[in-house]
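S.K.: Below is the sequence, then the predicted model.
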Amino acid sequence: MGMESNESLDLLSVFLTGIPGLEASLDFCCLYMVSIVGNTTILPVIRTEPSLHEPMYLLLSMLALTDLGLTLTTLPTGMGLLWFNALEISFEDCFAQFFFLHGFSFMESSVLLAMSFDCYVAICHPLRYVSILTNRVISRRGIAIIFRCVLIVLPALFLLKRLPFCGSRHLLHSYCLHQDMIRLVCADTTINNWYGLITALVFITLDPLLIVVSYVLILRSVLRISSQVENFRALNNCLSHILAVLVLYVPMVGLSMTHRFAKHAPPIVHVILANICLLAPPVMNPIIYSVETKQISKNKFLPLNMLEKVSQI
């Protein structure tokens with residue numbers, strides 16, 4: 001039974017949940033445009049500006065690439081739902097989106113964790129910053145982040161794909177999420193549930209906890225500085241990263257809390273929260289770093305005014 005189900009996945013499909021009232025809406029189109037334009041513009045700016053050839057901005061390039069990947073992963077189904085009411089998606093396409101969606105989401109968390117270490121070294125060990133965070137170290141860290149995310153998402157994909165699907169064909173969200181797809185399985189999902197829980201604990205608990213620890217050490221180091229001007233300058237250097245962390249984790253925690261404690265809330269609430277959770281980082285990160293980084297905000301190729309206007313929608 002299970003084998004027949006898996007062999008016919010290419011012939012089966014599931015149905016995504018649209019966003020009632022937002023069909024053919026320009027709001028989400030503008031958000032996708034902001035994300036794509038903002039992140040694709042940051043990359044050449046960092047590459048061509050010599051003053052930005054530092055470890056922090058190499059990590060920012062990784063963040064921009066991650067945000068761009070996350071946006072392009074959700075763009076086809078997002079625009080298909082909004083403009084063409086294309087609710088149906090094949091199982092194979094759904095699995096592909098599952099892999100890239102969770103992979104880039106976990107990569108976002110990993111890059112922010114690496115950036116917190118950059119802030120820690122820059123403030124707590126400024127004299128050793130250049131020797132600790134070399135370009136080679138950053139490159140290796142980027143490769144390690146990719147392998148970390150792939151090695152975590154692949155088992156979840158294989159564990160899910162081996163199971164027979166014979167339940168409802170309707171997903172509760174606009175994208176193929178693990179917690180949504182597992183509802184369609186008509187077999188024992190204990191292993192999948194435990195693996196999903198461990199993965200969630202790593203990226204929703206461990207990564208933020210390590211980021212908090214880094215900022216506790218940073219704050220302790222800053223408080224030892226007698227000059228208030230130096231205190232402000234040190235904390236201001238971390239402001240962009242703090243905002244990026246909040247933009248990622250606040251919607252994520254809100255979505256998790258809603259799934260756990262507001263199961264009877266209207267389905268539209270879950271759908272909108274899921275879309276905010278996925279779109280907020282790619283849209284806001286270019287704006288945050290453009291405002292806080294003069295070399296980026298002054299670049300003539302960056303449509304900062306457009307970003308700021310659309311972000312107010």
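M.R.: Now that the structure is in, tell me what you want to look at.
S.K.: Quick one: residues contacting the one residue sitting closest to the centre of the chain.
M.R.: Nearest residue to the geometric centre of the chain (C-alpha atoms, centre = their mean): residue 105, 3.6 Å. Shown in contact with residue 105 (C-beta atoms under 8 Å, 6 or more residues apart in numbering): 70, 203, 278. Backbone N, C-alpha and C define where each C-beta goes, glycine included.
S.K.: can you give me the strands in the stretch 51-200 of the chain?
M.R.: Ranges of strands in the stretch 51-200 of the chain, per DSSP state E, counting those that start in this stretch, are 88-90.
S.K.: which of the contacts of residue 105 are buried?
M.R.: 70, 203, 278 (16 or more other C-beta atoms under 10 Å).
S.K.: Touching, residue 108 and residue 68? I think so.
M.R.: No: using C-beta atoms under 8 Å, residue 108 is not in contact with residue 68, being 11.2 Å away.
S.K.: Between these two, tell me which one has more neighbours.
M.R.: Neighbour comparison, residue 108 and residue 68: the larger count goes to residue 108, with 27 against 20 (by other C-beta atoms under 10 Å).
S.K.: In contact with the spatially closest residue to that one that is not a sequence neighbour, which residues?
M.R.: Closest residue in space to residue 108, ignoring its immediate chain neighbours: residue 66 at 5.1 Å, by C-beta to C-beta, 6 or more residues apart in numbering. Going by C-beta under 8 Å, 6+ apart, residue 66 touches 104, 107, 108, 111.
S.K.: can you rerun that using 10 Å?
M.R.: 39, 103-112, 145-146, 149, 281-282, 285 (C-beta atoms under 10 Å, 6 or more residues apart in numbering).
S.K.: picking up where we left off before, who touches both of residue 108 and residue 68?
M.R.: residue 282.
S.K.: can you tell me how far residue 157 sits from residue 146?
M.R.: Separation of residue 157 from residue 146 (C-beta to C-beta, to the nearest Å): 16 Å.
S.K.: I misspoke; the intended subject was residue 41.
M.R.: With C-beta to C-beta as the criterion, residue 41 and residue 146 are 23 Å apart.
S.K.: So for the two, which residue has more residues nearby?
M.R.: Applying other C-beta under 10 Å to residue 41 and residue 146 shows that residue 41 carries more neighbours, namely 20 against 14.
S.K.: can you tell me the helix or strand for the more buried one?
M.R.: helix 26-48 (DSSP states H and E).
S.K.: residues in contact with residue 69?
M.R.: Counting by C-beta under 10 Å, 6+ apart, residue 69 has contacts 39, 100, 101, 103, 104, 105, 107, 108, 282.
S.K.: Alright, that wraps it up for me.
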